[in-house]
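Visitor: Okay, here's the prediction I keep looking at, along with the sequence it came from:
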Amino acid sequence: MGRQKIAAGNWKMNTSHSDGYFLASALTKAKRPSDVQTIMAVPFTHLGAVQALTFDKKNIAVAAQNFHHEEKGAYTGEISIGMLSSMHIPYAIIGHSERREYQKESNSLLATKLDLALAHNIKPIFCCGEKLSVRKSKKHVSFVKKQLREGLFHLTKSDVKRVVIAYEPVWAIGTGETASPEQAQEMHAAIRKMLAEKYDQEVADSISILYGGSVKPANAKSLFGQADVDGGLVGGASLDANGFIEIIHSF
């Protein structure tokens, strides 16, 4: 059996509660390929409603966009991993580039979050990727390797196989710029090689690696057609039901 194909939509800080419900409902009701896992990473306010829509459905699930790195305590306004676990939320994004940038989340902090998610049986979608300056200096592979080494590679072989990796070139997020299919494949292959060197080839071949960075219906098929691209972490295009459904059918 091959790697899991995944179309994950990250809604970010978008949609009202009612708009989010209607979007999730449309995606839940849509005809989707049986071999593609659809994920909706929704705002915290939407988690309960979207979980109720997807809880008993096959191949579609909800994800949290973040959670706090402490189990509990005096952290007003924060959401703990235990709260998500108590709602049976199956996935959570960890280390999205916007949180690395705006909330200054470090690789070591993200390693802590990974451990928390796995301890609570929530599947992490672990993000990595470089800025344009790093790409232009041709240090993008070593930069991402450092992110993985410090954030992910402390995991055991059995635990790392429970992680989904999302490669997101920061220069292609929300900019309209997209890495070419060849650029995406180059980095995905490099990440898989890093996994093989740290663990073994069987581990490397079992982990889904998603591409995130201005994925849309027009380019999804060419991106997903690359040998090491197992799907997408889709931003803005996931807010349009018809467009996202087209992306889901692009494998």
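Guide: It's in.
Visitor: contacts and neighbour counts: CA atoms only from here.
Guide: Noted.
Visitor: Which residue is the nearest non-sequential neighbour of Glu70?
Guide: Leaving aside its chain neighbours, Glu70 sits nearest to Ser80 (6.9 Å; criterion: Cα to Cα, 6 or more residues apart in numbering).
Visitor: ok, that neighbour - how many residues close by?
Guide: For Ser80, the neighbour count with other Cα atoms under 10 Å is 17.
Visitor: Next up, the contacts around it.
Guide: Phe67, His68, His69, Glu70, Glu71, Lys72 (Cα atoms under 8 Å, 6 or more residues apart in numbering).
Visitor: give me that answer again for 6 Å
Guide: Phe67, His68, Glu71 (Cα atoms under 6 Å, 6 or more residues apart in numbering).
Visitor: do the same with Ile248
Guide: Ala7 are the contacts of Ile248 under Cα under 6 Å, 6+ apart.
Visitor: among the contacts of Ser80, which are in strands?
Guide: Nothing among the contacts of Ser80 maps onto strands, per DSSP state E.
Visitor: can these go into a markdown table with extra columns for distance to Leu152, pLDDT and neighbour count?
Guide: Formatted as a markdown table, the contacts of Ser80 follow (distance: Cα to Cα, whole Å; pLDDT from 0 to 100; neighbours: other Cα atoms under 10 Å):
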| residue | distance to Leu152 | pLDDT | neighbour count |
| --- | --- | --- | --- |
| Phe67 | 17 | 98 | 21 |
| His68 | 17 | 98 | 17 |
| Glu71 | 19 | 97 | 13 |
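Visitor: now the helices: where do they sit in the stretch 51-200 of the chain?
Guide: 81-86, 97-102, 107-119, 132-136, 140-151, 157-160, 181-198 (DSSP state H, counting those that start in this stretch).
Visitor: Least reliable of those by average pLDDT, please.
Guide: For the helices of the stretch 51-200 of the chain, the bottom mean pLDDT is recorded on helix 132-136, which sits at a mean of 91.
Visitor: which residues sit against that helix?
Guide: Contacts for helix 132-136 (Cα under 6 Å, 6+ apart): His140, Trp171.
Visitor: and that helix, C-alpha only, in CSV?
Guide: C-alpha atoms of helix 132-136 as CSV (Å, rounded to 0.1, in the frame of the first residue of the first chain):
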residue,chain,number,x,y,z
LEU,A,132,13.1,33.7,-0.2
SER,A,133,16.5,34.9,1.1
VAL,A,134,17.5,31.4,2.1
ARG,A,135,16.2,30.0,-1.2
LYS,A,136,18.2,32.6,-3.2
